[in-house]
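A.B. asks: Pasting the sequence and the predicted model now:
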Number of protein chains: 2
Amino acid sequence: MNAEIIAVGSELLLGQIVNTNARFLSRQLADLGINVFYHTCVGDNPNRLKAVIKIAEERSNLLIFTGGLGPTKDDLTKETIAKHVNKRLIMNNEALQSIELYFERTNRQMTENNKKQAIVLEDSHILPNEHGMAPGMLLEGGSHAYMLLPGPPKEMEPMFLKYGYPVLRSLLQEEDVILSRVLRFFGIGEAMLETEIEDLIDAQTNPTIAPLASDGEVTLRLTAKHKQMDTALRLLDETEKQILSRVGDYFYGYDETSLMHELIKYIKDKKLTIACAESLTGGMFQQVFTAIPGAGELLKGGVVCYTNEVKENVLNVQKTTIAENGVVSEQCARELAKNVASLMNADIGISFTGVAGPDELEGKPVGTVYIGISIKDEPVQVEKLNFGGTRDAIRVRSVKYGCHFLIKRLNGSQNAK
Amino acid sequence: MNAEIIAVGSELLLGQIVNTNARFLSRQLADLGINVFYHTCVGDNPNRLKAVIKIAEERSNLLIFTGGLGPTKDDLTKETIAKHVNKRLIMNNEALQSIELYFERTNRQMTENNKKQAIVLEDSHILPNEHGMAPGMLLEGGSHAYMLLPGPPKEMEPMFLKYGYPVLRSLLQEEDVILSRVLRFFGIGEAMLETEIEDLIDAQTNPTIAPLASDGEVTLRLTAKHKQMDTALRLLDETEKQILSRVGDYFYGYDETSLMHELIKYIKDKKLTIACAESLTGGMFQQVFTAIPGAGELLKGGVVCYTNEVKENVLNVQKTTIAENGVVSEQCARELAKNVASLMNADIGISFTGVAGPDELEGKPVGTVYIGISIKDEPVQVEKLNFGGTRDAIRVRSVKYGCHFLIKRLNGSQNAK
């Protein structure tokens, strides 16, 4: 089965929004083993939409539409498809009730044109919208299937996962179970990781191995297919084991986790608390930390210490330390980590000091970063890094390396880099 | 002139990356007055790409390609187009030199297949790549023009702005000057703003007025067209004046600015310094502040005070304040703002305390936020807000409102909301 994803909406062609739906659906379809050969985007224009449908039918047998199911005049996806496939549009009572409930719940007044959203394609399978009004639809018509989904990602994504994915699976009459697992790596480049496991990638059939690099991390997506769930799982486990025997030192977690999520698990498991002194990162470590619900209990607090004055007066870095070594130094990182833990009465202190740019500082080049880690009475450990890239990239990398080093310390690994 | 934007790359169809290039180019083309009726995305497959080119030629006369100009075997955009339009591929010496320089500069070893990137379409106009290797091209072929751009946004965007945009303008033989201006608003919803200026939007012809809402902000994009630059400018000015006479209270800046950029201008102009106490925002205000180069000098420092212990011991909030009012209270916000300014020896203190969720706190619902502002010896001002939305949205909104209130205070406006 080959699919084409068709986004309908002039706001996309004006560049007002990015088509993230195409990406989301492409990933899901890849998981299902359905090939996606084309994405198309067309405006709110019935003639152009009709032409796009005809082209898509010639080259794909599953057409997935996003957008154009709204209440206003320029929303015309289902009207255009209905005419094209010669189906009537009929009122769906369940959808209407769900819309009425939606207005009740959000305490807003329902208008006449909202009813339009409860009108669906005759003979279609309805995909309920639990986060908005317009229901989705799947229509099977001979050699083609048409799936209609709402445009807003917060409605479309949960609808597809809960109702769209299973209905496509049943359409596929796929008897195989498809299992995916993402392995996440940090501290190794994509090229290096691929070289280490090149023979495995070249020999891949089941599971398949797909590498992807972004934001200084590399992931490998393993996808296995088998009639038996047990066997599919075993295939994943075996390939994972082979991969980790070579590059396991850089592996940090599965699927949708992040370095910060993993770090927080360690801190929680070990019943520790943490405090943070941030110079170049300016609050970013703590912001990422506290973005995770419940993490706040583990973070006693921290200090953003952009100025020398605050480093000295609030965090008690010795004047001589700064005079002799500068603030971008191992010594300063050491005192910051130790002193912030003591000021905040936390078990762990972590510090970031360095040069984010655009200008160099104290004669040290942009990208020079020191990260200090103090754990209870253990000796403070300081790591020096040299990054390339923009100001923002240097800050993001610093925070990630901070997590990475601290995870290594907490799990007792000798190989901290 | 009608354009179609064609992205070439299997990584898009697998959902590994989002097609942000289509959005970027659509905006630029809208600015140029060129209609974009379609976006298409196709994989690294010469037959499918060829078919896509044929379809595009039937419905558009400007075809803009992104991607597929790389050094590896699966990069085939220019090869496919060359065959299709019957042009030779020739080595471009300037591009080759630029690639050699690129390797020298980044201290890497050049390989034989990198030379492939210096091969261009015969008779095409070259668009130099100042941020990577593959040059862009514009080929005019009778009724159609073909623009080839590299895939990575960090190469494509600057190339298009510097070389692609002007060459398209000259292609248009457009004698009119097109000027755009974006007006940015905060503290007013999109529906409300549109209602206030509905008659202006309905009557729009020159300039056009395009509203867009995102992240709690609303923008209006004005675009004027005229033979004379002076007149186009005057048309923009007049429409802006009409709009601001109605909703000027919510206006905060032009084009690519942000609330934080505007705030930093005020603080700098008035030669002030600032310190920040962050409870629910967990460092986000300071992170956004210090993301702007040079802003660090103005931020003395700050404290992330997630725990009561740190609020009391580091920021000297009185035990009775917390016992009687809780930490999510006007009184606590007041002391935090005052005390952080004094601890950091700054002119301005700003504090954020509230409930980011997912659970309520001290019996106060998720979304309750207090923002305290202390300026020198002036009385501390505290604003209370109630937000809906996710944990992340509440934190982002809090930071924006913090900027908004502080800007209003610093420019002496009475209408702080």
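C.D. replies: All right, it came through fine.
A.B. asks: Apart from its neighbours in sequence, what residue is nearest the residue of the stretch 51-200 of chain A found nearest chain B?
C.D. replies: Relative to chain B, the nearest point of the stretch 51-200 of chain A is A:Ile55 (6.1 Å; Cβ to the nearest Cβ). Quick note: C-beta positions are derived from backbone N, CA and C, even for glycine. Nearest non-adjacent residue to A:Ile55, counting by Cβ to Cβ, 6 or more residues apart in numbering or on different chains: B:Ile55, 6.1 Å away.
A.B. asks: so where's chain A shaky on pLDDT?
C.D. replies: A:105-108, A:174, A:413-417 (pLDDT under 70).
A.B. asks: and the most centrally placed residue in it, what does it touch?
C.D. replies: Centroid-nearest residue in chain A, with Cα atoms, centre = their mean: A:Glu256, separated by 6.7 Å. Counting by Cβ atoms under 8 Å, 6 or more residues apart in numbering or on different chains, A:Glu256 touches A:Val182.
A.B. asks: A:Gln331 now?
C.D. replies: By Cβ under 8 Å, 6+ apart, the contact set of A:Gln331 is A:321, A:324-325.
A.B. asks: Return the closest of these with respect to chain B.
C.D. replies: For these, the nearest to chain B is A:Thr321 (17.2 Å; Cβ to the nearest Cβ).
A.B. asks: Okay, A:Thr368 and chain B: tell me how far apart.
C.D. replies: Noted for A:Thr368: a distance of 16 Å to chain B, by Cβ to the nearest Cβ, to the nearest Å.
A.B. asks: Near the spatially closest residue to that residue that is not a sequence neighbour, how many other residues are there?
C.D. replies: Among residues not flanking A:Thr368 along the chain, A:Val355 sits closest, at 5.0 Å (Cβ to Cβ, 6+ apart). Per other Cβ atoms under 10 Å in any protein chain shown, the neighbour tally for A:Val355 reads 24.
A.B. asks: so how far is chain B from A:Val355?
C.D. replies: Note on A:Val355: its distance to chain B, by Cβ to the nearest Cβ, is 11 Å.
A.B. asks: about what we covered before: which SS class is the residue nearest to A:Ile55?
C.D. replies: State at B:Ile55, reduced to three classes by DSSP: H, G, I helix; E, B strand; the rest coil: helix.
A.B. asks: so how many other residues sit close to it?
C.D. replies: Around B:Ile55 there are 19 residues (other Cβ under 10 Å).
A.B. asks: Now A:Arg246: closest residue in space that isn't a chain neighbour?
C.D. replies: A:Arg246 sits nearest to A:Glu196 (Cβ to Cβ, 6+ apart), 5.1 Å away.
A.B. asks: Phi and psi next, for that neighbour.
C.D. replies: Here is the backbone geometry of A:Glu196 (degrees, to the nearest 10): phi -60, psi -30.
A.B. asks: Roughly how far does it sit from A:Gly354?
C.D. replies: As for A:Glu196, its distance to A:Gly354 is 30 Å (criterion: Cβ to Cβ, to the nearest Å).
A.B. asks: So those two - more neighbours on which side?
C.D. replies: Ranked by neighbour count (other Cβ under 10 Å), A:Glu196 and A:Gly354 place A:Gly354 first, with 27 against 15.
A.B. asks: ok so, going back, of the contacts of A:Gln331, list those near chain B.
C.D. replies: The subset of these within reach of chain B, counting by Cβ under 8 Å from any Cβ of the partner chain, is empty.
A.B. asks: Now, of those, which are buried?
C.D. replies: A:Thr321 (16 or more other Cβ atoms under 10 Å in any protein chain shown).
A.B. asks: Would you reformat the contacts of A:Gln331 as TSV and include secondary structure?
C.D. replies: TSV is the format used below for these (three-state DSSP):
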residue	secondary structure
A:Thr321	helix
A:Glu324	helix
A:Asn325	helix
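A.B. asks: what about the strands in the stretch 251-400 of chain A?
C.D. replies: A:251-254, A:274-278, A:299-304, A:348-354, A:368-375, A:381-386 (DSSP state E, counting those that start in this stretch).
A.B. asks: correct me, but A:Ile292 touches A:His261?
C.D. replies: Yes: contact criterion Cβ atoms under 8 Å: A:Ile292 and A:His261 qualify, at 6.4 Å.
A.B. asks: Domain map for chain A?
C.D. replies: A:2-172, A:177-254, A:259-410 (automatic domain parsing).
A.B. asks: how about stretch A:312-322: buried residues?
C.D. replies: By 16+ other Cβ under 10 Å, the buried positions in stretch A:312-322 come out as A:312-315, A:317, A:321-322.
A.B. asks: quick one: which of those residues sit in helices?
C.D. replies: Using DSSP state H, the members of these that fall in helices are A:312-313, A:321-322.
A.B. asks: Pick the one among those closest to chain B.
C.D. replies: Ranked by distance to chain B (Cβ to the nearest Cβ), these are led by A:Asn313 at 7.4 Å.
A.B. asks: show me what contacts the closest one?
C.D. replies: Taking Cβ under 8 Å, 6+ apart as the definition, contacts of A:Asn313 comprise B:Asn345.
A.B. asks: The same query, at a cut-off of 10 Å, please.
C.D. replies: A:Asn313 makes contact with A:305, A:307, B:300-301, B:343-345, according to Cβ atoms under 10 Å, 6 or more residues apart in numbering or on different chains.
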